[in-house]
Structure formats: C-alpha cells, structure tokens
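# just coords:
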Ligand SMILES: [Zn+2]
C-alpha cells in the first residue's frame, strides 16, 4: 500500500481498497478524496493489414508496445482526446473514425498506487503521412495485426490483448 501527501494539510494518507466508490480520507484534517477511475482515449490506426504501434526505446518498459493515447482532459470529447493524443504522439491526422470499444485497466502512479482507468478506443484508417513520435524515447512502427498475439508479453497494458482481438473482429466486418 502506498501513501501520498494530503492535498490540504500535507499529512501522509493511505489508499484503501474498501468502499464504493473508493474514498480516501485524511486522518488529520478529514479531507475526503473520491478515488474515481480516470478516463483515457486511444486511437488504433490501421494501414492495410498492419496497425501503428509505439515502441519504448529506453527504460522503464523498454521494448514495450503501446497504442497512441492518453488521459482525457476536462471538457474534451472522447473522440477529440483520441485525435489529440494521436497528433501529439505521432504527428498523424486521420479522417473518419469508428467506435471500437471500452476496456478497464489500471495505471501505477509512483507514491500513490494503482488508479483504475477507463480506456476508450476509436479505429481509424491511415490516410497519409509518416508517423513521427514526438517523444524521442519511442519509435513508431507498423505491425501486422494477425501476428500481434505473439507480442502479448510486450504489451504495455493488460487490456491490449482484448483490444486487438476486437480490432481483428472489426477488420473482418
Ligand atoms: Zn489533510
């Protein structure tokens, strides 16, 4: 179990797995934090029979695979967030997108612990442009969708396994 400073008084508070929704109460000032899930948006871009993956070039998680995506900002639409993350992380813009799916997962924040995440995905066809990762700790690569299950151990997130099963299903339609 990990602790973090209370946002009001600074006392170390600890998260509890009990309660629905989870609540975190500061033992000193009684400040109450609602530990709700965090929403994330991702874009699966398909080009022929391949999909765009980001590969981490350095530690931590060197060699791990991820799809373009990230946390949704306040006031954004889910689709808008997925497009923004794609543009920020790869420089690519896509045309029409289709809804792909929703997946639960979790994200580890040092000093705080695991946050539950809600991961929303859209599917897009590549139109033009060469992906250029903004982050020099990553490279972008087109990987064959049919062989992705062989890369399971390299996935950054648990839900990517189910995500790409759904991508395969969507591509058969
Ligand atoms: Zn406090």
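Yes, it's here. Keep in mind the model is a prediction, meaning the values are calculated, not measured.
# burial of residue 103, as a residue count?
Residue 103: 20 surrounding residues under other CB atoms under 10 Å. C-beta: built from backbone N, CA, C; applies to glycine.
# could you look up the SS state of it?
The three-state label given to residue 103 by DSSP: H, G, I helix; E, B strand; the rest coil is strand.
# now it, nearest residue through space, not along the chain?
residue 159 (3.7 Å; CB to CB, 6 or more residues apart in numbering).
# surely that neighbour touches residue 105?
Yes - counting by CB atoms under 8 Å, residue 105 is a contact partner of residue 159 at 4.4 Å.
# run a quick neighbour tally on residue 32.
By other CB under 10 Å, the residues close to residue 32 number 11.
# per-residue pLDDT, the residue lying closest to it once chain neighbours are set aside?
Excluding the flanking residues, the one nearest residue 32 by CB to CB, 6+ apart is residue 25, at 5.1 Å. Among the per-residue scores, residue 25 shows a pLDDT of 88.
# let the chain start at 525 from now.
Sounds good: first residue 525 from here, last item residue 549.
# so residue 608 sits in a helix?
Yes - looking at residue 608 with three-state DSSP, it is inside a helix.
# these two touch, right, it and residue 602?
No - assessed by CB under 8 Å, residue 608 is found out of contact with residue 602, at 10.8 Å.
# between these two, which contacts overlap?
Shared contacts of residue 608 and residue 602 (CB atoms under 8 Å, 6 or more residues apart in numbering): none.
# which other helices and strands contact the strand or helix carrying residue 687?
Per DSSP states H and E: residue 687 is located in helix 684-696. When contacts are defined as 3 or more CB pairs under 8 Å, 6 or more residues apart in numbering; DSSP states H and E, helix 684-696 packs onto strand 562-571, strand 621-633, strand 637-649.
# pLDDT averaged over that helix - what is it?
93.
# from the chain's centre, how far out does it sit?
Put simply, helix 684-696 sits 16 Å off its chain's centre (CA atoms, centre = their mean, to the nearest Å).
# do stretch 689-697 as well
20 Å.
# farthest residue from the center of the chain?
Relative to the centre of the chain, the most outlying C-alpha is that of residue 552, 34.2 Å out, by CA atoms, centre = their mean.
# I figured that one hits residue 530, correct?
Yes - here residue 552 lies in contact with residue 530, judged by CB under 8 Å, at a distance of 7.0 Å.
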